[in-house]
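Chemist: Quick one: sequence and predicted model below, then my questions.
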Amino acid sequence: MPFIQKIVRVVENKVGRKVLHIGRHLVGLHPRAKNINLWVQDSSTDVKILMCGMGGIGKTTIAKFVYNLNYQAFECTAFIAPIREKSEQPSGLVHLQEHLLSNILKRKKKDMFNVDESIIAIEQAIYCKRVLLVLDDVSKAKQLDALLGTQEFYPGSKIIITTRHKWLLKAHRDHKMYIVEKLGDSDSMELFCWHAFGQNHPVDGYEELSNRVVYCCGGIPLAHEILGSSLLGKSIDVWISTLEKLEAIPDAQIIRQLKLSYESLQDEHDKNLFLYIACFFVGNEISDTVTILDGCSFFARVGIESLIDRCLITIEKDNKMMMHQLIKEMGRQIVDQKSPQELGRRSRLWRHKDSFIVLKEKKVLGSLKILNISHSLQLTRTLEFFGLPNLEKLILKGCVGLIEVCESIGSLKGLTVLNLEDCKNLRKFSNIGKLKFLETLIIAGCSNMTEFLADLKNVESLKVFQADKVAINHLLPNTSRGFKLWDAFSRPWLPKPCKSVEGFWASLPHSLVNLSLVECNLSNDSFPTDLCNLVSLQELNLSGNPLRSVPDCINRLRRLKILLLARCRRLQYVRVTNVEQLSRVESTLVKRIICNQPYLEKRPIHSFTRFINLLKHEGVFKLEHLVKVEREMLNNLGLFNLELIRNLVVRLAFPLSYCRDPESQGYQTKDLPIQGLNEFGIFNTFLPKTEAPSWCNELNRGSSISFIVPSYPNLWIRGLNVCGVYALSKRKDTWFPFPIFTRISNKTKDLNWMYNPWLHGFPVEDGEELAWISHWKFGNELESGDEIIISMVTDDSFEVKECGFNIVWVDHREEKETSFNMGHNSSPHQVKTGVYLLSHHHFPMDYHNHLTAPRWFRELFGDSIKFEGISSTYSYTYLEWEKKH
């Protein structure tokens with residue numbers, strides 16, 4: 001009898017489960033749900049998946065679709081919705097818990113007294129069963145805690161969570177994230193047409209109008225459904241009228257859905273930040289936006305992260321901050337609704353016509369804090385500013401006709417940001433010294449501006465000053481006082497005012513934190529011996545200037561953290577001793593780089609590898625003629641007679657980038673005398689095979705060799721010599737530059753070192769054989785009895801002919817060398833436990849499996865290392881750094 005009852009109960013459970021209603025028009029749903037559906041059906045240990053996206057994007061519909069396809073394959077299922085809304089009601093969380101228990105246990109709801117009691121009941125109910133749960137519209141972590149508890153789930157269970165907050169599962173392990181993307185153009189049109197016309201394409205005569213409506217919807221399924229249904233059966237006149245309204249004011253029902261994400265922001269700081277971005281900064285570089293907002297006492301970085309988590313903004317590949325059109329309009333509508341009728345009472349003005357109306361009325365606009373009249377091409381002179389007592393930000397970007405800024409700007413006592421970027425004809429600007437609270441001043445691109453900086457030093461609160469593409473000699477204060485234009489005619493014998501380089505630097509206030517002077521034609525002679533007045537400076541951007549070296553005065557800036565020298569193509573010598581971050585140096589003339597250790601540790605140092613003339617990067621590598629190398633190192637390698645090779649020349653390949661096209665400057669070659677390269681504690685040289693030391697005469701045929709480290713009384717290991725002989729292969733359709741690695745594996749200690757030199761010898765002719773000889777300072781990393789495998793790895797461009805080794809022993813009475821240890825010094829380059837990738841190059845390591853990875857990559861890393869793990873460790877740091885700098 002118990003057995004029969006069990007069967008009956010199982011059947012009841014199966015029969016009692018209901019399919020969820022989705023809707024008739026499932027346009028674009030199958031491809032958007034494909035990955036989640038596969039995840040539900042696989043046997044992975046990832047229990048939870050987070051479906052993130054803005055309101056109306058289709059998260060709930062996708063979750064219902066996946067649930068309907070899979071609910072019969074699970075022992076118990078539940079779809080709990082809408083969690084955000086219900087949890088805000090009295091005893092909301094307890095009621096949600098009761099609903100979940102009712103679904104799992106297939107019984108009527110049983111009253112629970114509190115959240116904690118319910119959590120225990122839920123854990124007892126679901127953690128011994130294979131369950132499929134969908135938690136729809138979760139907004140807070142405590143909702144998850146109440147519905148899922150803290151116990152491990154039964155193997156094979158799957159939890160789908162839909163939310164607008166990416167951070168929701170940051171504290172949870174074993175979960176995946178799926179970002180729900182907007183609909184593509186064709187799916188958008190089809191979905192709209194089903195609701196507007198009852199078919200999958202527009203009715204004749206409505207094609208162009210349909211395109212305009214679909215554009216306004218911006219790929220949001222909810223918007224297509226609402227607008228399509230509202231236009232069903234309407235005349236063209238109604239469509240046109242609706243469109244005119246829609247392009248000015250988005251549909252209220254759509255806005256209400258989108259506004260929920262805004263209202264969920266935790267504090268007024270983030271809400272204000274969102275409104276500022278919606279009104280003024282969409283499409284701007286994130287770094288520029290952060291600089292401006294931080295200068296106004298905003299905590300922009302942490303606030304922007306909060307907006308990203310809620311899917312309110314995105315950061316595109318070009319590092320620009322973007323926002324969906326409907327979300328932007330929602331933010332602007334919030335500002336408008338605070339004062340629908342009176343423009344002057346609004347806190348932000350971004351429409352040019354609104355700004356000019358307010359300014360021309362010359363009213364006292366007590367509440368106006370931001371005025372943006374950028375790209376007003378006809379504006380030649382600003383109006384008076386006396387009626388704007390509380391203005392904090394004045395943005396005049398791209399007003400190319402602007403010649404003069406009214407002197408009344410000095411009355412804006414609370415102004416913190418003044419942006420005059422690309423006002424190319426601006427010449428006159430006075431009273432800057434009266435802006436006592438100005439924190440950000442941008443005059444980048446004001447190429448015709450004459451002197452105005454005489455009183456800039458009085459702006460003691462200025463933190464950010466950007467004067468890119470401005471001739472500095474135009475901004476220098478005159479050293480002669482009392483000289484007037486009339487004197488040039490009436491007293492021509494008087495000396496004319498002169499410009500002083502020291503005067504420019506001296507005019508900068510001591511409060512400056514960020515100074516940008518990109519493409520200002522600054523040479524080394526443009527810098528003083530000291531910059532003692534810039535005691536607060538932390539970031540200096542000198543990109544695009546004809547500097548030959550880093551001026552000494554910059555190294556005396558005690559608080560400087562970031563120095564940017566991109567596109568300084570005349571640089572020959574870089575010495576920075578006080579910065580944490582140095583931008584990519586792009587001059588091919590650079591011969592020497594000296595940096596402090598914190599910089600070397602924090603920066604992906606392979607980004608300097610495009611310098612064919614670079615001879616030394618302090619603390620990173622050193623390249624020098626073999627005759628200048630220390631005698632001890634030459635003896636270690638067995639190179640006792642340099643006279644035989646002193647005048648030999650070898651062609652060296654310097655990789656500049658990683659690409660398929662040899663004509664795209666992916667690498668350069670240079671004929672040089674025999675060189676010694678020292679990096680990562682590994683010394684290298686490239687010789688013709690015929691000139692290799694005597695121990696290279698007995699090498700193993702092929703690309704690898706293995707051995708057991710022997711034991712000798714009274715001797716210890718100083719290092720390991722490795723020799724690989726290679727030549728050009730017959731393949732011509734290969735990548736450039738050719739990757740070439742030495743891999744040394746200590747099988748006993750489960751340690752692996754993979755080394756790719758900064759440069760390598762390049763055989764000039766077919767058949768020419770080169771010997772790559774290297775000395776590794778292993779020290780204690782090699783011990784008697786260790787099993788060692790050495791292999792040379794390259795792509796199909798090279799053919800490795802021979803491989804060999806030579807252990808360097810020294811008398812135990814000599815003091816052991818402790819200055820370098822391969823294990824300790826390789827730790828910053830660890831890509832996996834016991835696996836070290838020593839390379840200053842960036843390879844495209846985002847291979848997901850053996851099928852997409854090239855042969856040399858598969859041979860180098862083998863099957864035991866996940867490619868995704870290597871990619872995230874090795875490439876991610878580089879890419880993230882590039883975005884910021």
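Modeler: Yep, that arrived.

Chemist: burial count for the closest residue to E787 other than its chain neighbours?
Modeler: Leaving aside its sequence neighbours, E787 sits nearest to K747 (C-beta to C-beta, 6 or more residues apart in numbering; 4.2 Å). The C-beta positions use only the backbone N, C-alpha and C, and glycine is treated the same way. By other C-beta atoms under 10 Å, 13 other residues sit near K747.

Chemist: Test my guess that K747 contacts I788.
Modeler: Yes: look at K747 against I788 with C-beta atoms under 8 Å: they come within range, at 7.3 Å.

Chemist: Tell me who's in contact with the nearest residue to A471 once chain neighbours are set aside.
Modeler: Among residues not flanking A471 along the chain, N521 sits closest, at 6.3 Å (C-beta to C-beta, 6+ apart). N521 makes contact with A471, I472, N545, P546 under the criterion C-beta atoms under 8 Å, 6 or more residues apart in numbering.

Chemist: and N521, that one's in a helix?
Modeler: No: using DSSP: H, G, I helix; E, B strand; the rest coil, the secondary structure at N521 is coil, not a helix.

Chemist: So what does the residue nearest to E787 look like in phi/psi?
Modeler: When read as degrees, to the nearest 10, the backbone of K747 gives phi -70, psi -30.

Chemist: What separation is there between it and I708?
Modeler: Distance of K747 to I708, given as C-beta to C-beta, to the nearest Å: 10 Å.

Chemist: for F683, same thing?
Modeler: 25 Å.

Chemist: before we move on, what about N70?
Modeler: In terms of C-beta to C-beta, N70 sits 55 Å off from I708.

Chemist: Who has more neighbours out of the two?
Modeler: N70 (17 against 12).

Chemist: and the helix or strand containing the more buried one, which residues are buried?
Modeler: Using DSSP states H and E, N70 falls within helix 59-70. Neighbour-count burial for helix 59-70 flags K59, T60, T61, I62, A63, K64, F65, V66, Y67, N70 (criterion: 16 or more other C-beta atoms under 10 Å).

Chemist: Just put those residues in a markdown table and tack on distance to N678 and pLDDT.
Modeler: Shown next, in a markdown table, are these (distance: C-beta to C-beta, whole Å; pLDDT from 0 to 100):
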| residue | distance to N678 | pLDDT |
| --- | --- | --- |
| K59 | 56 | 92 |
| T60 | 61 | 92 |
| T61 | 61 | 93 |
| I62 | 56 | 94 |
| A63 | 58 | 94 |
| K64 | 63 | 93 |
| F65 | 60 | 93 |
| V66 | 57 | 95 |
| Y67 | 61 | 95 |
| N70 | 59 | 93 |
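
Chemist: want to throw the residues you listed into JSON lines with distance to K628?
Modeler: Formatted as JSON lines, the buried residues of helix 59-70 follow (distance: C-beta to C-beta, whole Å):
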{"residue": "K59", "distance to K628": "65"}
{"residue": "T60", "distance to K628": "71"}
{"residue": "T61", "distance to K628": "71"}
{"residue": "I62", "distance to K628": "66"}
{"residue": "A63", "distance to K628": "68"}
{"residue": "K64", "distance to K628": "73"}
{"residue": "F65", "distance to K628": "70"}
{"residue": "V66", "distance to K628": "67"}
{"residue": "Y67", "distance to K628": "72"}
{"residue": "N70", "distance to K628": "70"}
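
Chemist: tell me which element V335 is part of?
Modeler: Counting by DSSP H and E, V335 is part of helix 325-337.

Chemist: For that helix, the averaged confidence score.
Modeler: For helix 325-337, mean pLDDT is 87.

Chemist: Kindly report the same for stretch 401-409.
Modeler: 90.

Chemist: can you check stretch 377-393 too?
Modeler: Here the average pLDDT along stretch 377-393 is 85.
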